[in-house]
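K.L.:
Pasting the sequence and the predicted model now:
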Amino acid sequence: VITDRYEAERQLIQQSYYDPLTGTLIRSRFKDQVATLAARCQRGTSSFALLLIAIDNLAGLNHSYGYDIGDEIIAAAVAAIKAQSRETDVVARYAGNKFGLLLEDCTSEQMQTAARRFLDAVKSEPLHTAAGPIAVSVRVGGVVGPRQGRTAQVLFYHAEEALEAARRSSCDRF
């Protein structure tokens, strides 16, 4: 009985922190991490990057292959991104087809290098799904804190703007 109760409590805690599809942090916990890091970096000289990554045309892929395959695409894209992340990087499910990455001790140049690495990781090979391999691409928007925002709210606002600029661009994905 104690083991069952402990397991049920552990699962509730897991669900309150992590997205069940991707195994990454949920949005609210991710925002907490960004806020904490922003406050800490204001007191020092270090910087960090906040990246938002969106899967291109997920609605069309869902329409063509179905939502279960769409979920597989999301999970496979996150796995490809996580494989290119550093151990200290935080990956989170930000919204339906958007993911957030928090890169500690990261300059603007390092953020650009990391963004290209994440773009290449998803695009380099088709993602494997039950429907077969599917080619997927992503767009990335990013900001460097605390230089481009001192609060999590401002940082997310600017990261969303950067992501929208990447989505409007026909050639630049970052």
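P.N.:
All right, it came through fine. As the structure is a prediction and not an experimental result, all values here were calculated from the model. Numbers count the residues shown, from 1 in each chain.
K.L.:
For the rest of this, base every contact and every neighbour count on C-alpha atoms.
P.N.:
Fine.
K.L.:
buried sites along the helix or strand hosting residue 60?
P.N.:
Here residue 60, judged by DSSP states H and E, is contained in helix 58-65. Of the residues in helix 58-65, those with enough neighbours to count as buried (16 or more other CA atoms under 10 Å) are 58, 61.
K.L.:
Also stretch 157-174?
P.N.:
158, 159, 160, 161, 162, 163, 164, 165, 166, 167, 173, 174.
K.L.:
Show residues contacting it.
P.N.:
50-54, 112, 115-116, 119, 138-143, 148-149 (CA atoms under 8 Å, 6 or more residues apart in numbering).
K.L.:
If we use 7 Å, what do you get?
P.N.:
Outside stretch 157-174, the residues that touch it by CA atoms under 7 Å, 6 or more residues apart in numbering are 50, 51, 52, 115, 139, 140, 141, 142, 143.
K.L.:
average pLDDT for it?
P.N.:
Taken as a whole, stretch 157-174 has a mean pLDDT of 92.
K.L.:
now do stretch 103-120
P.N.:
95.
K.L.:
got the contact list for it?
P.N.:
Under CA under 7 Å, 6+ apart, the answer for stretch 103-120 is 46-50, 81, 84, 89-90, 138, 140, 144, 174.
K.L.:
got a list of what residue 48 touches?
P.N.:
103, 104, 105, 106, 107, 144, 145.
K.L.:
Which of the residues you listed has the largest number of neighbours?
P.N.:
residue 145 (28 neighbours; other CA atoms under 10 Å).
K.L.:
okay but that residue is in contact with residue 49, surely?
P.N.:
Yes - counting by CA atoms under 7 Å, residue 49 is a contact partner of residue 145 at 6.0 Å.
K.L.:
sorry, back to before: looking at the contacts of stretch 103-120, which are in strands?
P.N.:
By the criterion of DSSP state E, membership of the contacts of stretch 103-120 in strands covers 48, 49, 50, 90, 138, 140, 144.
K.L.:
and of those, the nearest to residue 153?
P.N.:
residue 50 (11.7 Å; CA to CA).
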